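S.K.: just a sequence and a predicted model for now, questions to come.
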Amino acid sequence: MQILDDIVISKYEPSNTDVLWLDVSSEYTQLKAYIDGLWKPIPFVHMNNTYTNNNNQQESQIIKLHDGWNWFSTYISGEPTELIQTFEESVGSSGAIIKSHVSTAEYYEDFGWFGDLNYIGITNDNLYMINMKEPCEVTLSGIPCDPSTVAITLKNSWNWIGYPCQIPHDLEYALKYFDPQEGDIIKNEASKQAVYTNGHWDGTLKVLQPGCGYQYWTNLPAGTTKTVFFNS
């Protein structure tokens with residue numbers, strides 16, 4: 001993370017992982033994130049070293065999809081079936097199949113999208129995969145969720161998890177409340193991964209990104225689950 005002031009912005013060439021902290025005081029912090037080529041302000045209230053979205057206003061999230069398989073998730077809250085409908089309408093015939101860990105929807109010529117995923121929808125806690133015939137951008141609009149209230153349920157073996165945060169976070173910060181065990185693994189679409197070893201995350205995956213989804217492996221007793229939350 002790069003800490004700058006307004007004077008330096010015009011000379012700085014940011015990447016999509018950069019976050020800019022401005023107007024810092026003892027009570028309030030104005031946060032700006034570099035997303036899709038623009039600095040976008042994100043209002044946060046500073047309380048006990050945590051940051052909470054206090055705006056409760058509608059925003060738009062752009063999810064860029066390339067041809068082939070994409071792993072995605074969303075931080076936009078809303079009715080799950082309405083979110084999947086908006087997503088499918090935006091993708092149209094450019095996509096072939098969308099799936100979660102339990103459900104699917106497929107695109108049929110002269111009919112459109114059909115499958116049990118349409119009746120379940122998209123939620124903030126899950127990873128979804130879509131196979132694209134050609135690149136496409138999807139815009140989801142609504143009120144961003146509060147990541148600290150999005151329950152992630154982990155079971156033994158591999159889990160498909162969403163990333164409900166609006167800005168990138170490094171693994172140590174993002175997964176602070178996951179209570180990871182020795183040997184836990186998290187990986188992304190590009191096969192970058194990190195392993196929890198000796199109390200720290202180590203590997204090629206360093207930062208979790210908005211709009212992306214992840215697979216998380218943990219070793220739990222058979223038949224048991226663990227509920228965790230992202231650090232926001």
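M.R.: Happy to help now that I have it. Numbers count the residues shown, from 1 in each chain.

S.K.: pretty sure Leu208 contacts Pro168?
M.R.: Yes - between Leu208 and Pro168 there is a contact under C-beta atoms under 8 Å: 6.5 Å. C-betas here are computed from N, CA, C, even on glycine.

S.K.: what bits of this protein have low per-residue confidence?
M.R.: The model of the chain has pLDDT under 70 over residues 1-55.

S.K.: 50 instead, please
M.R.: Filtered on pLDDT under 50, the chain yields the residue ranges 1-12, 16-30, 43-54.

S.K.: which residue lies nearest the spatial centre of it?
M.R.: In the chain, the centroid-proximal residue (C-alpha atoms, centre = their mean) is Tyr163; its distance is 2.8 Å.

S.K.: residues in contact with it?
M.R.: Shown in contact with Tyr163 (C-beta atoms under 8 Å, 6 or more residues apart in numbering): Ser73, Tyr75, Ala174, Leu208, Gln209, Pro210, Gly211, Cys212, Gly213, Tyr214, Phe230.

S.K.: where's it relative to Trp71, distance?
M.R.: According to C-beta to C-beta, to the nearest Å, Tyr163 stands 10 Å off from Trp71.

S.K.: shared neighbours, the two?
M.R.: Going by C-beta under 8 Å, 6+ apart, residues that sit against Tyr163 and also against Trp71 are Cys212, Gly213, Tyr214.

S.K.: partner strands of the strand or helix carrying the last one and their direction?
M.R.: This points to Tyr214. Assigned by DSSP states H and E, Tyr214 belongs to strand 213-218. Next to strand 213-218 in the sheet, as set by DSSP bridges, lie strand 157-162 (antiparallel), strand 185-187 (antiparallel).

S.K.: tell me the buried residues in that strand?
M.R.: Gly213, Tyr214, Gln215, Tyr216, Trp217, Thr218 (16 or more other C-beta atoms under 10 Å).

S.K.: tell me the one of those residues nearest Ile84?
M.R.: Proximity of the buried residues of strand 213-218 to Ile84 (C-beta to C-beta) peaks at Gly213, which lies at 14.5 Å.

S.K.: in contact with the nearest residue to that closest one once chain neighbours are set aside, which residues?
M.R.: Spatial nearest neighbour of Gly213, excluding adjacent residues (C-beta to C-beta, 6 or more residues apart in numbering): Leu127 at 3.0 Å. Counting by C-beta under 8 Å, 6+ apart, Leu127 touches Trp71, Phe72, Ser73, Ser100, His101, Trp160, Ile161, Gly162, Gly213, Tyr214, Gln215.

S.K.: near the residue lying closest to Lys187 once chain neighbours are set aside, how many other residues are there?
M.R.: Nearest non-adjacent residue to Lys187, counting by C-beta to C-beta, 6+ apart: Gln193, 3.6 Å away. Number of residues near Gln193 (other C-beta atoms under 10 Å) recorded here: 17.
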